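next comes the sequence, and after it the predicted model I'd like to discuss.
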Amino acid sequence: MKKILVLCTGNSCRSQIAEGYLRHFAGDKAEVYSAGIETHGVNPKAIEIMKRDGIDISRHTSNNIDEYMDTSFDYVITVCDNAKESCPYFPTNAVKFHYNFPDPAKAKGTEEEVMEQFREVREMIRKYAQNFVNENLKR
């Protein structure tokens, strides 16, 4: 079984959404983890926007990359430029992937406008995760 780590700055939005979708699409083909170079807690709006798509991430935790230093990953996916550039040396032979998704936590406007930005980022991550699984986790 493959092991996937998704990295972001605070492990609160983008990496949590990606973890949720990767788990959903990978099923029993992979163990999926997420972490940040900091921990900010799981964003309630990320939980809500995933719930609207039928995926429950309410039990996810915000983890620091240091917790996984002794874990051997097959894939490491960074989902923001800051994590890619600021991540401390991470000893791994994992294949690395990177995609800089917009940060929905920085969205401004009415509640409806903010949730629309969360939805847009969620859809981008959903498509990325589905393509990732289809291309990298073939049996």
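Good, I have the coordinates. Numbers count the residues shown, from 1 in each chain.

okay, and the helix or strand of this protein with the least pLDDT?
Across the helices and strands of the chain, mean pLDDT, DSSP states H and E gives its lowest value to helix 81-86, namely a mean of 66.

which is the next helix or strand following it?
Using DSSP states H and E, the helix or strand that follows helix 81-86 towards the C-terminus is strand 95-98.

next one: that next one to chain centre, how far?
Relative to its parent chain, strand 95-98 has a centroid offset of 13 Å by C-alpha atoms, centre = their mean, to the nearest Å.

next helix or strand past it?
Assigned by DSSP H and E, the successor of strand 95-98 is helix 111-136.

buried set for that following helix?
Residues 114-115, 117-118, 121-122, 124-126, 128-129, 132-133, 136 are the ones in helix 111-136 that count as buried (16 or more other C-beta atoms under 10 Å). Yep, even glycine has a C-beta here, placed from its N, CA and C like the rest.

stretch 65-83 now?
Under the neighbour-count criterion of 16+ other C-beta under 10 Å, stretch 65-83 has 65, 68, 73-80, 82-83 buried.
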